[in-house]
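J.: Provide a 3D model corresponding to the input given below.
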Amino acid sequence: MALTKNDIVARVHELGFTKKKSVEIIESLLEIIKNNLEKSDDVLISGFGKFCVKNKNQRRGRNPATGSDLILRERKVVTFKCSGKLRDKINAES
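T.: Predicted coordinates:
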């Protein structure tokens with residue numbers, strides 16, 4: 001099951017904030033992250049991980065439905081690398 005933005009808002013609301021303030025907090029946080037990624041700045045959240053913008057070069061690809069060759073354009077992608085603390089926590093539970 002995926003954790004949704006509404007689930008996060010609900011958890012912030014449980015901390016004692018109003019529902020409206022909880023939505024504002026989460027929207028502001030996500031907007032800060034999006035704005036920094038849009039400027040190709042990395043976003044490092046200690047104990048959680050790092051979001052980075054990487055450049056992908058133009059390359060040859062294939063349409064899996066038709067099998068025809070095509071050229072994939074240059075683009076930017078967002079990558080995420082979790083912190084060591086998060087990795088250890090995930091592995092400790094399994």
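
J.: contacts, neighbours, all on C-alpha from now
T.: Will do.

J.: if I look at residue 92, what pLDDT would I see?
T.: If you check residue 92, the pLDDT there is 89.

J.: buried stuff in the helix or strand containing it?
T.: Using DSSP states H and E, residue 92 falls within helix 84-93. Residues of helix 84-93 include none that count as buried (16 or more other Cα atoms under 10 Å).

J.: list the buried residues of the longest helix seen in the chain.
T.: Selection of the longest helix in the chain by residue count, based on DSSP state H, yields helix 19-38. By neighbour count on 16+ other Cα under 10 Å, the buried set for helix 19-38 is 22, 23, 26, 33, 37.

J.: apart from its neighbours in sequence, what residue is nearest the last one?
T.: In this case it means residue 37. residue 53 (6.4 Å; Cα to Cα, 6 or more residues apart in numbering).

J.: tell me which element that neighbour falls in.
T.: Counting by DSSP H and E, residue 53 is part of strand 49-56.

J.: report the rounded mean pLDDT for that strand.
T.: pLDDT averaged over strand 49-56 gives 96.

J.: care to break this structure down by domain?
T.: 1-39, 40-94 (automatic domain parsing).

J.: which secondary structure elements does the strand or helix carrying residue 13 contact?
T.: Using DSSP H and E, residue 13 sits in helix 5-14. On a contact count with 3 or more Cα pairs under 8 Å, 6 or more residues apart in numbering; DSSP states H and E, helix 5-14 meets helix 19-38.

J.: what angle do strand 49-56 and the helix it packs on make with each other?
T.: Orientation check (axes from the mean of the first three to the mean of the last three Cα atoms, to 10 degrees): helix 19-38 against strand 49-56 gives 40 degrees.

J.: residue 53 is in contact with residue 75, correct?
T.: No - checked against Cα atoms under 8 Å, the pair residue 75 and residue 53 is beyond contact range at 10.1 Å.
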